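Novice: sharing a sequence plus its predicted fold:
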Amino acid sequence: MPRRAGAAARSGAAVTAAALSLPLGGGCAAPRPPGPAAAESHRAAHRPAVRRAPSPPRPEPAAAGREAAMSLLSALVPLLRVYCIGLLVILHQLRRHLRPRCPPAPVFPTQNGKVAIVTGGAKGIGYQTAKHLARLGMHVIIAGNSESEGQEAVRKTQEETLTGKVEFLYCDLASMKSIRQFVQRFRAKNCPLHVLVNNAGVMLVPERKTEDGFEEHFGLNYLGHFLLTNLLLDMLKQSGTHSHNARIITVSSATHYVGKLHLNDLQSRCSYSPHGAYAQSKLALVLFTYRLQHLLTANGSHVTANVVDPGVVNTELYKHVFWVVKVAKWMTAWLFFKTPEEGASTSIYAAVSPEMEGAGGCYLYNEERTKSADIAYDEELQRRLWTESCKMVGISDESSRVP
């Protein structure tokens, strides 16, 4: 019996010792080191938790769909507006074209001794404007960004008008540096300046920037002419007299009626639409002209500023339109579109007509004064655009002293 009890006691002790990982016999022996698996488990239990950055929430399908729809709408609305206003102008031109008797072309007085600058005067409306002014006896400076096209325009004008009073000077309106260099070269000629025709422009180009980082429609169509006009303004003031004012003519278009001026996003960075950007640049030109005339009047200057609308004209500006529009234009331009010569008629009228002597701040279409978009008469918007434009091109805002 005692042997069995001792055996049982040793068996129980062994079980207890095994359960406690202790050696048989109790004693002071060190505990066994844990195995590799147990050690790793221990380290993992005491390892500090690593916080992971929460992954960005995935856009809900409905929100993504709404965003895509808004993006499409922001491009589609300006497109529809531009084409609608273009269609209305074409219909108006058609009615005028089908009249039984068209009014005879006006006869203007000679302009001997006067000097004019025409931007974009190498082709299209600008070429016809430059040619007609040269025919009237003006010394015409064609400003353009292509030396070969400019020299060809000079040659053709001299042949057709039998006058040598026409020349070409390089000026890239998409470059503030080039504009300043042009003005320096013109000043070096030491001649007066009686007429400035801001005619050059681009239309519906894909999204791209000028040399100075401006959206191309706004930078070339508007800011380029804004800087050029301001740099030449002192020469125009010196050339104008009480009986014969110097004249500034800026070419806009009917698209300004549907233009939206985004003062917080003039570069169309938020949402680019070529139609919206083009219409905005044309509205800016109207606002600029009205503000300029206000400043000229306040200073008592013998200079007038007017804006003209040539209509829908058959020129090379349509190379960026949809192919369907190109085909339609190719088939119907002879009937619905004005010729470049017809498109230039209002610019010529504003530049030399005795009826426009001393008249400024007018919007002209088909040689007649007409009403521009209501927003263009907002004097606060005119002032804010002028101030912002001065900052963009790096000139002082002299208008801040004029109410």
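Specialist: Ah, there it is.

Novice: residue boundaries of the helices in this protein?
Specialist: According to DSSP state H, the chain carries its helices in the segments 2-20, 36-46, 61-97, 124-135, 147-161, 176-187, 216, 225-239, 274-298, 323-336, 340-352, 379-393.

Novice: who wins for proximity to Thr255 among those helices?
Specialist: helix 274-298 (4.3 Å; C-beta to C-beta). Every residue, glycine included, has its C-beta placed from N, CA and C.

Novice: mean confidence score for the closest one?
Specialist: Across helix 274-298, pLDDT averages out at 97.

Novice: now the helices of the chain in TSV, with distance to Ala254?
Specialist: Listed next are the helices of the chain as TSV, based on distance: least, C-beta to C-beta, whole Å:
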stretch	distance to Ala254
helix 2-20	97
helix 36-46	75
helix 61-97	5
helix 124-135	14
helix 147-161	27
helix 176-187	27
helix 216	21
helix 225-239	18
helix 274-298	8
helix 323-336	14
helix 340-352	12
helix 379-393	19
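
Novice: next one, pLDDT for Ser71 please.
Specialist: pLDDT, Ser71: 59.

Novice: returning to what we had before: out of the helices of the chain, deepest packed?
Specialist: Stretch with highest mean neighbour count among the helices of the chain: helix 124-135 (a mean of 26; mean count of other C-beta atoms under 10 Å).

Novice: that one vs helix 147-161, what angle?
Specialist: Relative orientation of helix 124-135 and helix 147-161, computed by axes from the mean of the first three to the mean of the last three C-alpha atoms, to 10 degrees: 40 degrees.

Novice: what's the angle from helix 124-135 to helix 340-352?
Specialist: Relative orientation of helix 124-135 and helix 340-352, computed by the same axes, to 10 degrees: 50 degrees.

Novice: where in the stretch 151-300 of the chain is pLDDT low?
Specialist: For the stretch 151-300 of the chain, no stretch has pLDDT under 70.

Novice: can we see that at 90?
Specialist: Residue ranges of the stretch 151-300 of the chain with pLDDT under 90: 162-164, 265, 267-271.

Novice: just so I know, which of the helices of the chain lies nearest Val107?
Specialist: helix 340-352 (10.6 Å).

Novice: tell me, how many residues neighbour Gly113?
Specialist: 10 (other C-beta atoms under 10 Å).

Novice: around the nearest residue to it once chain neighbours are set aside, how many other residues sit close by?
Specialist: Spatial nearest neighbour of Gly113, chain neighbours left out: Gly137 (7.5 Å); criterion: C-beta to C-beta, 6 or more residues apart in numbering. Residues near Gly137, counting by other C-beta under 10 Å, number 16.

Novice: was I right about Gly137 contacting Val115?
Specialist: No - in this structure, Gly137 is not within contact of Val115 by C-beta atoms under 8 Å, at 10.9 Å.

Novice: sorry, back to before: tell me the pLDDT at the residue nearest to Gly113?
Specialist: pLDDT, read off for Gly137, is 96.

Novice: got a list of what it touches?
Specialist: Gly137 makes contact with Thr110, Gln111, Asn112, Gly113, Lys114, Thr163, Lys165 under the criterion C-beta atoms under 8 Å, 6 or more residues apart in numbering.

Novice: of these, keep whichever come out buried.
Specialist: Gln111, Lys114, Thr163, Lys165 (16 or more other C-beta atoms under 10 Å).

Novice: what is the nearest of the residues you listed to Asn198?
Specialist: Lys114 (17.3 Å).

Novice: show the backbone phi and psi for that closest one.
Specialist: With angles defined as degrees, to the nearest 10, Lys114 sits at phi -100, psi 160.

Novice: gap between it and Phe214?
Specialist: 33 Å (C-beta to C-beta, to the nearest Å).

Novice: can you check Val251 too?
Specialist: Val251 is 19 Å from Phe214, by C-beta to C-beta.

Novice: so which of the two has more stuff around it?
Specialist: Set Val251 next to Phe214 and count neighbours by other C-beta under 10 Å: Val251 wins out with 27 against 20.

Novice: list the beta-bridge partners for the more buried one.
Specialist: Val308 (DSSP bridges).

Novice: might one say that it is in contact with Ile125?
Specialist: Yes - Val251 is within contact range of Ile125, at 7.0 Å (criterion: C-beta under 8 Å).
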